[in-house]
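Colleague: Give me a 3D structure for the following:
(chains A and B)
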2 protein chains.
Amino acid sequence: MKPRIDYSLYLATGRAFLRGRDLAAVVEEAVAAGVTLVQLREKTAGAREFYEIGRRLHAVTRRLRVPLIINDRLDIALALDAEGIHVGQDDLPLERVRALAPGRIVGFSVQTVADAEFAARTGADYLGVGPVFTTATKADAGDALGVEGLRRVVAASPLPCVAIGGITPANAEAVMACGVAGCCVISALLGAPDLSAAVTAFRPIVRPPHPRDG
Amino acid sequence: MKPRIDYSLYLATGRAFLRGRDLAAVVEEAVAAGVTLVQLREKTAGAREFYEIGRRLHAVTRRLRVPLIINDRLDIALALDAEGIHVGQDDLPLERVRALAPGRIVGFSVQTVADAEFAARTGADYLGVGPVFTTATKADAGDALGVEGLRRVVAASPLPCVAIGGITPANAEAVMACGVAGCCVISALLGAPDLSAAVTAFRPIVRPPHPRDG
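Modeller: Purely as a prediction, here's the structure:
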């Protein structure tokens, strides 16, 4: 059985934001300050490099007892024995990922109610819904849903939803009010001058709205 | 148990050589003419596109009863239920690939005797040894081994070896005389004006040197 997942403050990594810092050290600081889930995104690394980065990161996340989710690459998730895999519409079909990753967390990126219903039927564990706001991190992520668009998808989804795209401490309250299980953040954490302070700013806002989801 | 593999004429695909032809049709022609093993190489396709190309190709290779080997991407090999996976030094570690692909053919690219010994210890099924000759197909493939270099690696290898890199009907006899189980060819087949004729030109040369290897 999968343990209950705390999606409330979900950090996705982005090499462009590291500014020379060591990824494992950055993630360690973020988790110590209150990040509950980590997704490793490596859009340009070769497989071996991705795997080696993942090994170092997984040692940190295991020690701190938060799940590590691998973006896109199921083979790397399996090779690392990572807790989860997150895929989108251009990755391997969700049904194949689900079948090949029994017991792992499977996340799926969606923008529409139809996508959310498909993902629920196909066995995803959670949805990444977005982009909520326009963002420079993912130039190909499509038009922003806005808070109303997010609310529509979340309301129709039987799965836990994580909002992604341009979320900051300033807009996170409106995002959480849509009923999401958490916020997925890249730039507002990794781009912040003080990472721990940024995590701390999010923490009281991203508490799940219903105690039973905590 | 794995069936005996016929490595004698191993076609690796290369999109640059298709000249607008349909890959599945090209592979069908090549196998009908005498290719015994097919490796799908897609260096630029996204995962979904790679998977969809692989699905069409696997339908052909299954029907013609030759194994389909996927280059680099273990996740795509697993998702396709392909017969094999071929990895190199920059891909996932061979020991992880071996562990995650039980029952599948695992090939490994080597250039040295030490690599070949490592691969044998680590459970590879066959080696791709090369480049034997300089080749434009893989600009990053390193210095050519030459026939003597190939012979040295093959002589030290407990695994079946497939020679790769610049092999043509004109040099294939010297290559086979090194004791390889077969030749892996891209450009001399896919770049030929008449694919079937090119396969036919290789066929009598790539017969294994010892009848027991046939």
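Colleague: what's near enough to touch residue A:126?
Modeller: A:5, A:7, A:105, A:107-108, A:159-162, A:181 (Cβ atoms under 8 Å, 6 or more residues apart in numbering or on different chains). Glycine gets a C-beta too; all of them are placed from N, C-alpha and C.
Colleague: Among those, which lie within strands?
Modeller: Taking DSSP state E, the ones among those that sit in strands are A:105, A:107-108, A:161-162.
Colleague: Just the buried subset of the residues you listed, please.
Modeller: Neighbour-count burial (16 or more other Cβ atoms under 10 Å in any protein chain shown) is assigned, among those, to A:105, A:107-108, A:161-162.
Colleague: For those residues, work out which two are farthest apart.
Modeller: Largest separation among these by Cβ to Cβ: A:105 and A:161, giving 14.0 Å.
Colleague: Give me the below-cutoff pLDDT ranges for chain A.
Modeller: Chain A contains residues with pLDDT under 70 at A:1-3, A:136-142, A:208-214.
Colleague: Please enumerate the strands of it.
Modeller: Using DSSP E, the strands assigned to chain A run over residues A:9-12, A:37-40, A:68-71, A:84-87, A:105-110, A:126-129, A:161-164, A:182-185.
Colleague: Mind listing the strands the fifth one pairs with, and their directions?
Modeller: So that's strand A:105-110. Sheet pairing of strand A:105-110 (DSSP bridges) gives strand A:84-87 (parallel), strand A:126-129 (parallel).
Colleague: Pull out the buried residues from the first one.
Modeller: In this case it means strand A:84-87. For strand A:84-87, burial by neighbour count (16+ other Cβ under 10 Å) applies to A:84-87.
Colleague: Just name the closest of those to chain B, please.
Modeller: Taking Cβ to the nearest Cβ as the measure, chain B lies nearest residue A:87 of the buried residues of strand A:84-87, at 8.2 Å.
Colleague: Touching, the closest one and residue A:105? I think so.
Modeller: No - between residue A:87 and residue A:105 there is no contact under Cβ atoms under 8 Å: 11.5 Å.
Colleague: hang on, the earlier thing: looking at the strands of chain A, which one is packed in the most?
Modeller: Here the criterion is mean neighbour count by mean count of other Cβ atoms under 10 Å in any protein chain shown, and of these the winner is strand A:161-164, at a mean of 30.
Colleague: Checking the longest helix along chain A against chain B, do any of its residues make contact.
Modeller: Longest helix in chain A by number of residues (criterion: DSSP state H): helix A:47-64. Yes - Helix A:47-64 is in contact with chain B by Cβ under 8 Å from any Cβ of the partner chain, via A:47-49, A:51.
Colleague: Nearest to chain B among the buried ones among the ones in strands among the contacts of residue A:126?
Modeller: Chain B lies nearest to residue A:108 out of these, by Cβ to the nearest Cβ, at 13.0 Å.
Colleague: in the sheet, who's paired with that closest one?
Modeller: Judged by DSSP bridges, the bridge partners of residue A:108 are residue A:87, residue A:127.
Colleague: Verify the stated contact: it with residue A:88.
Modeller: Yes - at 7.2 Å, residue A:108 counts as touching residue A:88 under the criterion of Cβ under 8 Å.
Colleague: Might you enumerate the residues of chain A proximal to chain B?
Modeller: By Cβ under 8 Å from any Cβ, the residues of chain A that approach chain B are A:46-49, A:51, A:72-76, A:78-79, A:89-93, A:96-97, A:100.
Colleague: Cross these against helices and list the overlap.
Modeller: Using DSSP H, these in helices are A:47-49, A:51, A:74-76, A:78-79, A:96-97, A:100.
Colleague: mind putting those residues in TSV, neighbour count included?
Modeller: Putting these into TSV (neighbours: other Cβ atoms under 10 Å in any protein chain shown) gives the following:
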residue	neighbour count
A:47	23
A:48	16
A:49	12
A:51	21
A:74	26
A:75	32
A:76	26
A:78	23
A:79	24
A:96	20
A:97	26
A:100	19
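Colleague: Pick out the most distant pair among the residues you listed.
Modeller: Farthest pair in those (Cβ to Cβ) is A:49 and A:96. Separation: 24.7 Å.
Colleague: Between the ones in strands among the contacts of residue A:126, which sits nearest residue A:129?
Modeller: Of all the ones in strands among the contacts of residue A:126, residue A:161 has the smallest distance to residue A:129: 4.9 Å, by Cβ to Cβ.
Colleague: May I have the beta-bridge partners of the closest one?
Modeller: residue A:127.
Colleague: so what's it up against?
Modeller: Contact analysis of residue A:161 by Cβ under 8 Å, 6+ apart lists A:116, A:126-129, A:153-154, A:179-181.
Colleague: Now with 7 Å, please.
Modeller: Contacts for residue A:161 (Cβ atoms under 7 Å, 6 or more residues apart in numbering or on different chains) come out as A:126-127, A:129, A:153-154, A:180-181.
Colleague: Equivalent analysis for residue A:98, please.
Modeller: A:106, A:122-123.
Colleague: Which parts of stretch A:180-196 count as buried, going by neighbours?
Modeller: Under 16+ other Cβ under 10 Å, the buried positions of stretch A:180-196 are A:180-192, A:195.
Colleague: and the two most separated of those?
Modeller: The most widely separated members of the buried residues of stretch A:180-196 are A:181 and A:191, with 23.4 Å between them, by Cβ to Cβ.
Colleague: Surely residue A:80 is in contact with residue A:54?
Modeller: Yes - if you go by Cβ atoms under 7 Å, residue A:80 and residue A:54 touch, sitting 4.6 Å apart.
Colleague: what touches both of these two?
Modeller: residue A:70.
Colleague: what does stretch A:38-58 contact?
Modeller: Stretch A:38-58 is contacted from outside by A:10-15, A:23-24, A:27, A:31, A:61, A:66, A:68-71, A:73, A:76, A:79-80, A:82, A:86, B:72, B:90-93, using Cβ under 7 Å, 6+ apart.
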